[in-house]
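Let me see the structure of the following:
(chains A and B)
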Amino acid sequence: MKQSLMKLPEPFIRLLLVFIVFVGFTVVTWAYVIPPSLKDRAYHKSTTIEREMAKPISYAGSSICFDCHEDTYDTKRSGAHLNLSCETCHGPSWLHSEDPLEVTPEVPRDRQGCARCHEYDTARPTGFPQVNVAAHNPDDPCISCHNPHDPEPLVTPEECESCHAEIARTKAVSPHSSLECVTCHETPEAHKITPRVVRPSKPNARSACGQCHAENAENPKAPKINITTHEEKYVCWQCHYPHMPEVN
Amino acid sequence: MDRRNFLGKFTASVIASGGIIGWLLSGSKAKAATPEGYNPQDHYYGMGINIDQCIGCGQCMEACRTENHVPTDFFCRTWVERYTFKTDGEVLVENIAHNPEAITEKDILRSFFVPKLCNQCENAPCVQVCPVEATFKTEDGVILVDENRCIGCRYCVQACPYGARYIHPEKHVADKCTFCYHRITKGLLPACVEVCPTQARVFGDMKKGASPLARLRRMFKTHVLKPGLNTQPKVFYANLDGEVR
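As a prediction, the model looks like this:
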């Protein structure tokens, strides 16, 4: 064996040696030097899962709050903020739940906290209570009138546009600007207190529009149409938007 | 010492030292730990988003930043887009974190908010493209990133059809929403769902019969984003407009 090996040309043997060293080094490095987390799939997954699960928690979750703050729970559960989590306003409070005396959560008393959700914004869904924060009693913090744990409009809104600003603004520049909301919508008093529970009526027949727009109606300015035969399949507001009626 | 002798001894010492180092390191090879009391096979998480409930307050983004230590205002693990259909036909899509300009009401035909986050796809493109297998799907259906293994090559950032990934500016590795994995495995809600004031975001375990997510999927026609890509997302949208991608 040694004889036959020696018969090989010397450069070849050197090259072979280098090759063996290289392969040996690679095998040893792979087997021992590279930490298992970098080559074992199951291992690297489980260490990642472990690392993710060990991350610190900031938000405690509202169920733990009520272990101590029962009275607030009772107030809140019956009001409009029923589904609001405590930490939405009071901020992350995991540390407070761990050590209630040392760490106190923030108590937002300024207008900005409420404005975050209740400032008027065109993209917010219709019916969500919104005010123009700059114009709505600008000198006082919201909590001086409204209890954030059981919010209610303090004074019954006198104008519909306190809440329905978008419709009011649309209507204001439309041919219907002189009409009161209650001309078409019967609005129970309770709607002003619990707007999403008690809802105003909407006209349910063509005759509602017909009061002004029927051919025999008295209003001289309103365009007239035969409300019996004009597109009789539909009711008026299926084509026309009453808050901004098209003038063709 | 001649060259042959040297090479021989050198080889032997390299192999020996490698062995010793390896032996030392193998001692530190911890047993792959499974978290106690939590069996990922019993769970399969999903999220529901009701567009009509979203008021665009941005509490979810802020809670996510706090909970997951997202370091910048620019990158988000979850974000809220404001869609504005203008009367001239233009459709604007803006991230509300970047304080988009207000649009004159007269020019708006319709406008609404769409919260977005990682869709935790069943067939996740990010997992397929990762060259080092740093990102993977857990048994409970969440896509995670191994930050020690990620080389920050950004393939996944490019591959995600939902733009849900970003490169963490401090760690320089891919980062993304994990459904707050550290919270949900302890039975808590993800931070964004926890703070959502209108229940626009709901969360649920799809292996359970009843959950807010199950209710959302029962009561509404739900859609996923970009269904044509067959990524099979686990974030379900109710009242989704066709314009939303």
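
if you skip the residues just before and after it, what's nearest to the most centrally placed residue in chain B?
Centroid check for chain B by C-alpha atoms, centre = their mean gives residue B:177 as the closest residue, at 2.7 Å. Leaving out its chain neighbours, the residue that sits closest to residue B:177 by C-beta to C-beta, 6 or more residues apart in numbering or on different chains is residue B:118, at 3.8 Å. In this view, the C-beta of every residue, glycine as well, is placed from N, C-alpha and C.

what's the burial count for the one you found?
24 (other C-beta atoms under 10 Å in any protein chain shown).

Kindly report the same for residue A:199.
Residue A:199 is flanked by 14 other residues according to other C-beta under 10 Å.

what's the closest non-adjacent residue to it?
In space, residue A:199 is closest to residue A:191, 6.3 Å off (C-beta to C-beta, 6+ apart).

mind listing what the residue nearest to residue B:177 touches?
Residue B:118 makes contacts with B:77, B:78, B:143, B:160, B:162, B:164, B:165, B:176, B:177, B:178, B:179, B:235, as judged by C-beta atoms under 8 Å, 6 or more residues apart in numbering or on different chains.

any idea how far it is from chain A?
14 Å (C-beta to the nearest C-beta, to the nearest Å).

Show the pLDDT at that residue.
pLDDT, residue B:118: 96.

need the contact list for the residue nearest to residue A:61 when sequence neighbours are not counted.
Residue nearest to residue A:61 in three dimensions, not counting chain neighbours: residue B:188, with 4.8 Å by C-beta to C-beta, 6+ apart. Taking C-beta under 8 Å, 6+ apart, we find residue B:188 in contact with A:57, A:59, A:61, B:180, B:194.

Surely the fourth one and residue B:66 touch.
What it means is residue B:180. No: between residue B:180 and residue B:66 there is no contact under C-beta atoms under 8 Å: 11.1 Å.

list residues touching both of the two?
Counting by C-beta under 8 Å, 6+ apart, the contacts common to residue B:180 and residue B:66 are residue B:191.

So for the two, which residue has more residues nearby?
Shown here are residue B:180 and residue B:66; by other C-beta under 10 Å, residue B:180 has more neighbours (28 against 16).

how about the more buried one, what does it touch?
Shown in contact with residue B:180 (C-beta under 8 Å, 6+ apart): B:67, B:68, B:188, B:189, B:190, B:191, B:192.

Count the residues that sit near the fifth one.
The local packing of residue B:190 (other C-beta under 10 Å) involves 28 other residues.

what does the last one give?
Burial measure for residue B:192: 29 neighbouring residues, criterion other C-beta under 10 Å.

Check the gap between the residue of chain A found nearest chain B and residue A:25 for me.
The minimum distance from chain A to chain B, using C-beta to the nearest C-beta, falls at residue A:32 (1.7 Å). Separation of residue A:32 from residue A:25 (C-beta to C-beta, to the nearest Å): 11 Å.

and if you look at residue A:237?
Distance, residue A:237 to residue A:25, by C-beta to C-beta: 82 Å.

same thing with residue B:180?
Residue B:180 sits 44 Å away from residue A:25, going by C-beta to C-beta.

Equivalent analysis for residue A:94, please.
In terms of C-beta to C-beta, residue A:94 sits 49 Å off from residue A:25.
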